[in-house]
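> kindly generate the corresponding structure for this input.
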Amino acid sequence: MQVMGNKSKKQKGFTLVELLVVLALLGVAMAGAFQFFHYTQTSYALADTRSAVLQEIDLFFLQMEKDIRSASAPNSSTKAIAISNEGKEMNVYSSREAPSADNSSVLTKVFTKTSYRLNGIDIQRGFASTENASEVVSLDIDNWQTVVSYIIPGDKQLFNDTRNDEESSRRLIDVNIIVKHPKMPTSISMQTSLLSRTGKSTTSIIESTASNTYVPVQSITITPDPTLTLSNRNAVNTTYKATVVPANATNKNLIWSQNVGSAFKISFTVPLTTIEFTLAEPFVEFVGYSLIYDDGTFEIDDIDTKFDLMFDRFTTR
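Residues are numbered from 1 along each chain as shown. You can find the predicted model right below:
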(Lines give C-alpha, C1' and ligand atoms only; values in the text may rest on other atoms or scores of the structure.)
Protein backbone atom coordinates (compact mmCIF):
# COMPACT_ATOMS: atom_id res chain seq x y z
CA MET A 1 0.00 0.00 0.00
CA GLN A 2 1.32 3.31 -0.95
CA VAL A 3 0.75 6.23 1.44
CA MET A 4 0.29 9.63 -0.13
CA GLY A 5 1.56 12.67 1.88
CA ASN A 6 -0.16 16.12 2.09
CA LYS A 7 1.06 18.51 -0.53
CA SER A 8 1.18 22.26 0.19
CA LYS A 9 -1.02 24.34 -2.10
CA LYS A 10 0.02 27.86 -3.35
CA GLN A 11 -2.76 30.49 -2.80
CA LYS A 12 -2.99 33.84 -4.72
CA GLY A 13 -4.85 37.15 -3.77
CA PHE A 14 -4.80 40.28 -1.52
CA THR A 15 -4.81 40.28 2.17
CA LEU A 16 -7.32 42.37 4.10
CA VAL A 17 -4.64 44.90 5.02
CA GLU A 18 -3.65 45.36 1.39
CA LEU A 19 -7.26 45.93 0.37
CA LEU A 20 -7.71 48.55 3.08
CA VAL A 21 -4.55 50.36 1.97
CA VAL A 22 -5.72 50.40 -1.67
CA LEU A 23 -9.14 51.71 -0.69
CA ALA A 24 -7.55 54.46 1.40
CA LEU A 25 -5.32 55.54 -1.49
CA LEU A 26 -8.27 55.53 -3.90
CA GLY A 27 -10.24 57.66 -1.44
CA VAL A 28 -7.45 60.21 -1.20
CA ALA A 29 -7.10 60.35 -5.00
CA MET A 30 -10.84 60.75 -5.52
CA ALA A 31 -11.02 63.48 -2.87
CA GLY A 32 -8.19 65.35 -4.57
CA ALA A 33 -9.84 65.00 -7.98
CA PHE A 34 -13.16 66.21 -6.55
CA GLN A 35 -11.49 69.23 -4.98
CA PHE A 36 -9.76 70.03 -8.27
CA PHE A 37 -12.93 69.80 -10.33
CA HIS A 38 -14.86 71.73 -7.68
CA TYR A 39 -12.25 74.50 -7.68
CA THR A 40 -12.21 74.57 -11.49
CA GLN A 41 -16.00 74.75 -11.65
CA THR A 42 -16.14 77.45 -8.96
CA SER A 43 -13.44 79.50 -10.69
CA TYR A 44 -15.25 79.20 -14.02
CA ALA A 45 -18.57 80.22 -12.48
CA LEU A 46 -16.92 83.18 -10.74
CA ALA A 47 -15.17 84.28 -13.94
CA ASP A 48 -18.41 83.88 -15.89
CA THR A 49 -20.34 85.98 -13.35
CA ARG A 50 -17.64 88.65 -13.31
CA SER A 51 -17.61 88.76 -17.11
CA ALA A 52 -21.41 89.14 -17.18
CA VAL A 53 -21.28 92.00 -14.65
CA LEU A 54 -18.53 93.82 -16.57
CA GLN A 55 -20.39 93.36 -19.85
CA GLU A 56 -23.57 94.75 -18.29
CA ILE A 57 -21.72 97.82 -16.99
CA ASP A 58 -19.91 98.36 -20.31
CA LEU A 59 -23.21 98.26 -22.21
CA PHE A 60 -24.66 100.70 -19.68
CA PHE A 61 -21.74 103.09 -20.19
CA LEU A 62 -22.00 102.81 -23.99
CA GLN A 63 -25.73 103.55 -23.96
CA MET A 64 -25.27 106.47 -21.58
CA GLU A 65 -22.41 107.86 -23.68
CA LYS A 66 -24.65 107.75 -26.76
CA ASP A 67 -27.42 109.60 -24.91
CA ILE A 68 -25.12 112.23 -23.40
CA ARG A 69 -23.17 112.95 -26.59
CA SER A 70 -26.42 113.68 -28.45
CA ALA A 71 -27.84 115.86 -25.65
CA SER A 72 -29.17 119.31 -26.48
CA ALA A 73 -30.88 121.89 -24.31
CA PRO A 74 -34.66 121.98 -24.91
CA ASN A 75 -34.90 125.66 -23.97
CA SER A 76 -32.81 128.52 -22.61
CA SER A 77 -33.72 127.79 -18.97
CA THR A 78 -32.96 124.05 -18.97
CA LYS A 79 -29.56 122.40 -19.28
CA ALA A 80 -29.10 119.59 -21.77
CA ILE A 81 -28.37 117.26 -18.83
CA ALA A 82 -29.98 117.67 -15.41
CA ILE A 83 -28.97 115.70 -12.31
CA SER A 84 -31.30 115.46 -9.30
CA ASN A 85 -32.08 113.46 -6.15
CA GLU A 86 -28.53 113.85 -4.79
CA GLY A 87 -26.94 112.31 -7.86
CA LYS A 88 -29.25 109.29 -8.10
CA GLU A 89 -31.31 110.54 -11.05
CA MET A 90 -30.33 112.09 -14.37
CA ASN A 91 -32.41 113.49 -17.24
CA VAL A 92 -30.88 113.84 -20.71
CA TYR A 93 -32.69 115.94 -23.31
CA SER A 94 -32.24 115.62 -27.07
CA SER A 95 -34.01 116.38 -30.34
CA ARG A 96 -34.09 114.89 -33.83
CA GLU A 97 -36.01 115.06 -37.10
CA ALA A 98 -38.70 112.37 -37.47
CA PRO A 99 -41.96 111.80 -39.38
CA SER A 100 -44.85 113.67 -37.80
CA ALA A 101 -47.41 111.69 -35.82
CA ASP A 102 -50.20 113.35 -37.81
CA ASN A 103 -48.61 113.07 -41.23
CA SER A 104 -45.79 110.57 -41.82
CA SER A 105 -44.72 112.33 -45.01
CA VAL A 106 -43.87 115.50 -43.08
CA LEU A 107 -40.72 115.74 -40.98
CA THR A 108 -40.97 117.46 -37.63
CA LYS A 109 -38.67 117.93 -34.67
CA VAL A 110 -39.18 115.39 -31.89
CA PHE A 111 -37.92 116.20 -28.39
CA THR A 112 -36.90 113.27 -26.18
CA LYS A 113 -36.37 113.01 -22.44
CA THR A 114 -34.14 110.07 -21.47
CA SER A 115 -33.94 109.37 -17.74
CA TYR A 116 -31.72 107.24 -15.54
CA ARG A 117 -32.60 106.49 -11.92
CA LEU A 118 -31.53 104.29 -9.01
CA ASN A 119 -34.47 102.10 -7.99
CA GLY A 120 -33.48 99.97 -5.01
CA ILE A 121 -30.37 98.12 -6.17
CA ASP A 122 -31.08 98.58 -9.89
CA ILE A 123 -30.19 101.37 -12.31
CA GLN A 124 -33.09 101.85 -14.69
CA ARG A 125 -33.46 103.70 -17.99
CA GLY A 126 -36.60 105.09 -19.59
CA PHE A 127 -37.59 107.69 -22.15
CA ALA A 128 -40.52 109.66 -23.52
CA SER A 129 -40.92 111.93 -26.55
CA THR A 130 -43.06 114.85 -27.67
CA GLU A 131 -43.24 117.28 -30.58
CA ASN A 132 -43.72 120.19 -28.18
CA ALA A 133 -40.47 121.56 -26.75
CA SER A 134 -42.28 123.16 -23.80
CA GLU A 135 -43.60 119.77 -22.65
CA VAL A 136 -40.45 117.67 -22.77
CA VAL A 137 -39.18 118.62 -19.28
CA SER A 138 -42.43 117.58 -17.58
CA LEU A 139 -42.90 114.30 -19.46
CA ASP A 140 -43.74 111.25 -17.32
CA ILE A 141 -41.81 108.04 -18.02
CA ASP A 142 -43.47 104.64 -17.58
CA ASN A 143 -41.27 102.33 -19.68
CA TRP A 144 -38.43 101.81 -17.19
CA GLN A 145 -35.98 99.00 -17.93
CA THR A 146 -33.18 97.74 -15.68
CA VAL A 147 -29.74 98.26 -17.21
CA VAL A 148 -27.50 97.43 -14.22
CA SER A 149 -28.38 95.27 -11.20
CA TYR A 150 -26.99 94.69 -7.70
CA ILE A 151 -25.83 98.26 -7.04
CA ILE A 152 -24.47 98.53 -3.50
CA PRO A 153 -27.05 100.53 -1.52
CA GLY A 154 -26.05 103.76 0.18
CA ASP A 155 -25.85 107.51 -0.30
CA LYS A 156 -23.03 107.50 -2.85
CA GLN A 157 -23.66 109.65 -5.94
CA LEU A 158 -24.04 107.80 -9.23
CA PHE A 159 -24.03 110.93 -11.41
CA ASN A 160 -22.04 114.09 -10.76
CA ASP A 161 -21.67 117.31 -12.76
CA THR A 162 -19.91 119.49 -10.18
CA ARG A 163 -16.93 120.03 -12.51
CA ASN A 164 -19.09 122.09 -14.90
CA ASP A 165 -19.23 125.85 -15.25
CA GLU A 166 -22.78 127.08 -14.78
CA GLU A 167 -22.41 129.38 -17.78
CA SER A 168 -21.15 126.65 -20.09
CA SER A 169 -23.58 124.71 -22.26
CA ARG A 170 -21.25 121.72 -22.55
CA ARG A 171 -21.69 119.22 -19.71
CA LEU A 172 -19.11 116.82 -18.26
CA ILE A 173 -20.78 114.00 -16.32
CA ASP A 174 -18.88 111.76 -13.89
CA VAL A 175 -20.44 108.31 -13.39
CA ASN A 176 -19.40 106.10 -10.47
CA ILE A 177 -21.07 102.75 -9.74
CA ILE A 178 -20.24 99.86 -7.39
CA VAL A 179 -21.79 96.45 -8.09
CA LYS A 180 -21.85 93.54 -5.62
CA HIS A 181 -23.23 90.41 -7.28
CA PRO A 182 -24.46 87.76 -4.79
CA LYS A 183 -22.32 85.10 -6.50
CA MET A 184 -19.14 87.14 -6.14
CA PRO A 185 -17.08 87.51 -2.95
CA THR A 186 -15.95 91.04 -3.87
CA SER A 187 -17.53 94.12 -5.44
CA ILE A 188 -16.70 95.78 -8.76
CA SER A 189 -16.24 99.56 -8.91
CA MET A 190 -16.20 101.34 -12.27
CA GLN A 191 -15.98 105.04 -13.12
CA THR A 192 -16.20 107.01 -16.33
CA SER A 193 -16.54 110.62 -17.48
CA LEU A 194 -18.85 111.46 -20.37
CA LEU A 195 -18.86 114.76 -22.27
CA SER A 196 -21.76 116.16 -24.23
CA ARG A 197 -20.80 117.19 -27.76
CA THR A 198 -22.51 120.60 -27.63
CA GLY A 199 -25.01 122.43 -25.53
CA LYS A 200 -27.40 122.94 -28.44
CA SER A 201 -27.95 120.63 -31.38
CA THR A 202 -26.21 121.47 -34.64
CA THR A 203 -29.56 121.50 -36.43
CA SER A 204 -31.00 124.13 -34.15
CA ILE A 205 -27.94 126.32 -34.68
CA ILE A 206 -28.11 126.09 -38.45
CA GLU A 207 -31.86 126.58 -38.81
CA SER A 208 -32.33 129.18 -36.11
CA THR A 209 -33.11 132.71 -37.25
CA ALA A 210 -33.22 134.16 -33.75
CA SER A 211 -30.68 136.55 -32.28
CA ASN A 212 -28.82 133.65 -30.61
CA THR A 213 -27.68 132.12 -33.92
CA TYR A 214 -24.10 130.88 -33.72
CA VAL A 215 -21.64 133.41 -35.17
CA PRO A 216 -18.25 131.79 -35.93
CA VAL A 217 -14.91 133.56 -35.59
CA GLN A 218 -13.72 134.59 -39.06
CA SER A 219 -10.23 135.86 -38.25
CA ILE A 220 -7.83 137.07 -35.59
CA THR A 221 -6.01 140.33 -36.27
CA ILE A 222 -2.61 140.60 -34.56
CA THR A 223 -0.86 143.96 -34.75
CA PRO A 224 2.21 145.39 -32.97
CA ASP A 225 1.60 148.41 -30.76
CA PRO A 226 3.07 150.89 -31.38
CA THR A 227 5.78 149.31 -33.55
CA LEU A 228 7.38 145.94 -34.09
CA THR A 229 11.14 145.92 -33.46
CA LEU A 230 13.09 142.91 -34.78
CA SER A 231 16.50 144.55 -35.22
CA ASN A 232 18.55 142.38 -32.87
CA ARG A 233 18.25 139.95 -30.01
CA ASN A 234 18.85 142.70 -27.42
CA ALA A 235 15.71 144.63 -28.26
CA VAL A 236 13.20 145.74 -25.66
CA ASN A 237 9.76 144.32 -24.98
CA THR A 238 7.14 144.69 -27.68
CA THR A 239 3.38 144.87 -27.08
CA TYR A 240 0.89 143.21 -29.44
CA LYS A 241 -2.86 143.46 -29.80
CA ALA A 242 -5.12 140.62 -30.90
CA THR A 243 -8.71 141.24 -31.96
CA VAL A 244 -11.41 138.73 -32.86
CA VAL A 245 -13.31 139.40 -36.10
CA PRO A 246 -16.27 139.81 -36.16
CA ALA A 247 -16.77 141.53 -32.83
CA ASN A 248 -20.10 139.77 -32.21
CA ALA A 249 -18.67 136.26 -32.56
CA THR A 250 -20.38 133.72 -30.32
CA ASN A 251 -17.23 132.05 -29.05
CA LYS A 252 -15.93 133.89 -25.98
CA ASN A 253 -13.13 131.47 -25.10
CA LEU A 254 -10.84 131.27 -28.11
CA ILE A 255 -7.33 130.29 -27.01
CA TRP A 256 -4.36 130.90 -29.27
CA SER A 257 -0.87 129.58 -28.50
CA GLN A 258 2.25 130.32 -30.47
CA ASN A 259 5.83 129.12 -30.11
CA VAL A 260 8.24 132.06 -30.05
CA GLY A 261 11.82 131.33 -31.08
CA SER A 262 13.19 128.14 -29.59
CA ALA A 263 12.87 128.90 -25.90
CA PHE A 264 9.76 131.03 -25.45
CA LYS A 265 6.08 130.29 -25.79
CA ILE A 266 3.28 132.80 -25.49
CA SER A 267 -0.40 132.04 -25.03
CA PHE A 268 -3.39 134.20 -24.37
CA THR A 269 -7.17 134.05 -24.30
CA VAL A 270 -8.93 136.17 -26.90
CA PRO A 271 -12.40 137.36 -25.81
CA LEU A 272 -14.64 139.59 -27.87
CA THR A 273 -12.58 142.64 -26.94
CA THR A 274 -9.01 143.65 -27.64
CA ILE A 275 -6.33 142.33 -25.29
CA GLU A 276 -2.62 142.99 -24.88
CA PHE A 277 0.32 140.73 -24.16
CA THR A 278 4.07 141.29 -23.89
CA LEU A 279 6.98 139.41 -25.45
CA ALA A 280 10.21 139.25 -23.49
CA GLU A 281 12.22 138.33 -26.62
CA PRO A 282 12.15 140.45 -29.81
CA PHE A 283 13.31 137.62 -32.09
CA VAL A 284 10.01 136.09 -33.19
CA GLU A 285 9.75 132.86 -35.15
CA PHE A 286 6.29 131.36 -35.62
CA VAL A 287 6.90 127.63 -35.33
CA GLY A 288 3.55 126.19 -34.27
CA TYR A 289 0.06 127.17 -33.33
CA SER A 290 -3.15 125.82 -31.85
CA LEU A 291 -6.69 127.11 -31.57
CA ILE A 292 -9.15 125.61 -29.09
CA TYR A 293 -12.90 126.18 -28.90
CA ASP A 294 -14.95 125.40 -25.82
CA ASP A 295 -18.26 124.57 -27.50
CA GLY A 296 -17.09 121.70 -29.74
CA THR A 297 -18.98 122.92 -32.79
CA PHE A 298 -15.89 123.53 -34.92
CA GLU A 299 -12.33 122.28 -35.18
CA ILE A 300 -9.37 124.23 -36.51
CA ASP A 301 -8.05 122.77 -39.73
CA ASP A 302 -5.30 125.22 -40.65
CA ILE A 303 -4.22 128.81 -40.07
CA ASP A 304 -2.67 131.45 -42.29
CA THR A 305 0.78 132.41 -41.00
CA LYS A 306 0.67 136.00 -42.28
CA PHE A 307 1.69 138.04 -39.27
CA ASP A 308 -0.83 140.88 -39.65
CA LEU A 309 -3.89 138.72 -40.20
CA MET A 310 -4.24 135.12 -39.09
CA PHE A 311 -7.28 133.40 -40.59
CA ASP A 312 -8.63 130.16 -39.16
CA ARG A 313 -10.57 127.73 -41.28
CA PHE A 314 -13.19 125.40 -39.85
CA THR A 315 -14.43 121.89 -40.49
CA THR A 316 -17.60 120.65 -38.84
CA ARG A 317 -16.96 118.05 -36.21
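> is it true that T112 touches R96?
Yes. Under the criterion of CB atoms under 8 Å, T112 makes contact with R96 at 7.3 Å. Any C-beta I mention is one placed from the backbone N, CA and C, and that applies to glycine too.
> residues in contact with S129?
V110, F111, T112, K113, V136, L139 (CB atoms under 8 Å, 6 or more residues apart in numbering).
> next: R171.
Residues in contact with R171 (CB under 8 Å, 6+ apart) are I68, A71, K79, A80, I81, D161, N164, L195, S196, G199.
> how about the closest residue to T78 other than its chain neighbours, what does it touch?
Closest residue in space to T78, ignoring its immediate chain neighbours: V137 at 5.7 Å, by CB to CB, 6 or more residues apart in numbering. Going by CB under 8 Å, 6+ apart, V137 touches P74, N75, T78, N91, Y93, K113.
> any chance of those in JSON lines, with secondary structure and distance to A24 too?
Output for these, formatted as JSON lines (DSSP: H, G, I helix; E, B strand; the rest coil; distance: CB to CB, whole Å):
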{"residue": "P74", "secondary structure": "coil", "distance to A24": "78"}
{"residue": "N75", "secondary structure": "strand", "distance to A24": "82"}
{"residue": "T78", "secondary structure": "strand", "distance to A24": "77"}
{"residue": "N91", "secondary structure": "strand", "distance to A24": "69"}
{"residue": "Y93", "secondary structure": "strand", "distance to A24": "73"}
{"residue": "K113", "secondary structure": "strand", "distance to A24": "71"}
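> of all those, which comes closest to T49?
N91 (32.0 Å; CB to CB).
> these two touch, right, the closest one and S115?
Yes. Assessed by CB under 8 Å, N91 is found in contact with S115 at 5.1 Å.
> rewinding a little: now, the contacts of S129 that are in strands?
Within these, membership in strands is found for V110, F111, T112, K113, as judged by DSSP state E.
> buried ones only from these, please, as a ChimeraX command.
This is how ChimeraX selects the buried members of the ones in strands among the contacts of S129, with burial counted by 16 or more other CB atoms under 10 Å:
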select :110,111,112,113
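> output the ones in strands among the contacts of S129 in a markdown table, with distance to K156 appended to each entry.
Shown next, in a markdown table, are the ones in strands among the contacts of S129 (distance: CB to CB, whole Å):
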| residue | distance to K156 |
| --- | --- |
| V110 | 35 |
| F111 | 31 |
| T112 | 28 |
| K113 | 25 |
